[in-house]
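Novice: Can you look at this prediction? I've put the sequence above it.
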Amino acid sequence: MTELEDLRTFVEVVESGGLNRAAAHLGVSKSIISRRITRLEADLGTRLLSRSTRGITPTEAGIEFKARCDRILAELEEAREAVAQQGRSVRGHLRLSAPLSFGVRHLAPVLADLARAHPDLELDVSYSDRVVELIGERFDAAIRIGSLRDSSLVARRIAPVRAVMVASPDYLARHGRPRTPQDLTAHQCLIYTGRLVPEWQFQSGKRWIAVRPEGRLKTDSGEAILQWAIAGLGIADAPSFLVSDAIESGALEPLLLDYPTPEYGIYVVRPPGAHVPRKVRVLIDTLVERFGGAPTWDRCLTGSGDGKHAEPATRPRSPLSRA
């Protein structure tokens, strides 16, 4: 009778595209992978994989068989989770991708609480502003900020966030305070190169104003932007979750609050599928509980300004993230 390990091995070979990669992912030798596939094909009496110089691809029978293997293995996982739910602890290995600044500053403490609450849960977290390929790189979930480009993923919005214009008191004393978005053209701007759209956007009444920043300092690191702004090197357009502490301490001052910037979202995304592993459900529930409602980091947007907040205009596409 076909063994479950043979089914898992076959699925891994198809998804990895080769015996060597499947062996590496499963932690076994290539010869074991080959024996399992040979045994499976002999048991079924048909060839499941086609081998060529370009790699390994499933045959027509292999495509059909993989779809059924996926359902079998998903149902087995559901059955295990149903039994595990008799206890409160979550088990398994959770691989998560998160943006660097938000991840370290705000997500890491939440994951620490999650790890304490579920001692049998293994966490493997990649903190990077690189947008990972969720399925291809075997992530269970990812935190994304800004516009979501991959419509095949299932997304849950966990919190809003805005950008805020900031500069240090020293910079403003030397160069003056911009009163309108157009004034920014006379200032040194600190430019984040990871944004999708190069312009900085502001709401004025019912319309949006776009200003292209100019400056000698550019980087793809939000943390570097923050440190440059605190050092008095220019004006930054940064997420409120990144600069809120510096604003509260007085190291930075918010600017142009009478010209709101676009609101965008922080999302947790997962691969498509009706079955949601319990470890992913618990992660999503925890994030929604912790970050839902008015986020603490947006309090820096209401601390100053002239108090004239315009009615929302049609929101432009968020330029603040590659997510």
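Specialist: That came through, no problem. Predicted model only: the values in this text are computed from it and were never measured.
Novice: Span of stretch 46-63 from start to end?
Specialist: End-to-end span of stretch 46-63 (Cα to Cα, to the nearest Å): 12 Å.
Novice: quick one: buried residues of that stretch?
Specialist: 48-49, 56, 58, 62 (16 or more other Cβ atoms under 10 Å). Every residue, glycine included, has its C-beta placed from N, CA and C.
Novice: pLDDT of that stretch, averaged?
Specialist: For stretch 46-63, mean pLDDT rounds to 85.
Novice: Show me what the biggest strand by length in the chain is packed against.
Specialist: In terms of residue count, the longest strand belonging to the chain (DSSP state E) is strand 154-167. For strand 154-167, the contact count by 3 or more Cβ pairs under 8 Å, 6 or more residues apart in numbering; DSSP states H and E identifies strand 235-239, helix 240-249, strand 253-255, strand 263-270, helix 278-291 as packing neighbours.
Novice: can you count the residues close to the residue nearest to Arg157 when sequence neighbours are not counted?
Specialist: Leaving aside its chain neighbours, Arg157 sits nearest to Gly265 (4.7 Å; criterion: Cβ to Cβ, 6 or more residues apart in numbering). Taking other Cβ atoms under 10 Å as the criterion, the count of residues near Gly265 is 19.
Novice: Return the residues in contact with Gly265.
Specialist: 145-146, 157-161 (Cβ atoms under 8 Å, 6 or more residues apart in numbering).
Novice: For it, give the beta-bridge partners.
Specialist: Pro160 (DSSP bridges).
Novice: if we can go back for a sec, mind listing what's buried in the longest strand of the chain?
Specialist: In terms of neighbour count (16+ other Cβ under 10 Å), strand 154-167 has its buried residues at 154, 158-159, 161-167.
Novice: Closest one to Pro271 out of those, please.
Specialist: Lowest distance from Pro271 to the buried residues of strand 154-167 (Cβ to Cβ) belongs to Val154, with 7.3 Å.
Novice: For the buried residues of strand 154-167, give me JSON lines that also has distance to Gly103.
Specialist: Output for those, formatted as JSON lines (distance: Cβ to Cβ, whole Å):
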{"residue": "Val154", "distance to Gly103": "20"}
{"residue": "Ile158", "distance to Gly103": "13"}
{"residue": "Ala159", "distance to Gly103": "14"}
{"residue": "Val161", "distance to Gly103": "14"}
{"residue": "Arg162", "distance to Gly103": "19"}
{"residue": "Ala163", "distance to Gly103": "18"}
{"residue": "Val164", "distance to Gly103": "20"}
{"residue": "Met165", "distance to Gly103": "24"}
{"residue": "Val166", "distance to Gly103": "21"}
{"residue": "Ala167", "distance to Gly103": "26"}
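Novice: if we can go back for a sec, for the helices and strands packed on strand 154-167, state which one has the densest average packing.
Specialist: Greatest average neighbour count among the helices and strands packed on strand 154-167 goes to strand 235-239 (a mean of 27), per mean count of other Cβ atoms under 10 Å.
Novice: Partner strands of it, with direction?
Specialist: Applying DSSP bridges, one finds strand 235-239 paired with strand 154-167 (antiparallel), strand 189-192 (parallel).
Novice: out of those, which comes closest to Asp129?
Specialist: Among these, the nearest to Asp129 by Cβ to Cβ is strand 189-192 (9.9 Å).
Novice: residues making contact with the closest one?
Specialist: By Cβ under 8 Å, 6+ apart, the residues outside strand 189-192 that reach it are 200, 213-215, 217-220, 222, 225, 228-229, 233-238, 320.
Novice: Can you say which of these are buried?
Specialist: Buried residues within those, counting neighbours by 16+ other Cβ under 10 Å: 200, 213, 215, 217, 222, 225, 228-229, 233-238, 320.
Novice: Farthest pair within these?
Specialist: Maximum pairwise distance in these, criterion Cβ to Cβ, is 20.2 Å, between Leu233 and Leu320.
Novice: so Phe10 makes contact with Asp43?
Specialist: No - contact criterion Cβ atoms under 8 Å: Phe10 and Asp43 do not qualify, at 11.1 Å.
Novice: Mind checking which of those two has more residues around it?
Specialist: Each of Phe10 and Asp43 has its neighbours counted (other Cβ under 10 Å); Phe10 has more, 24 against 12.
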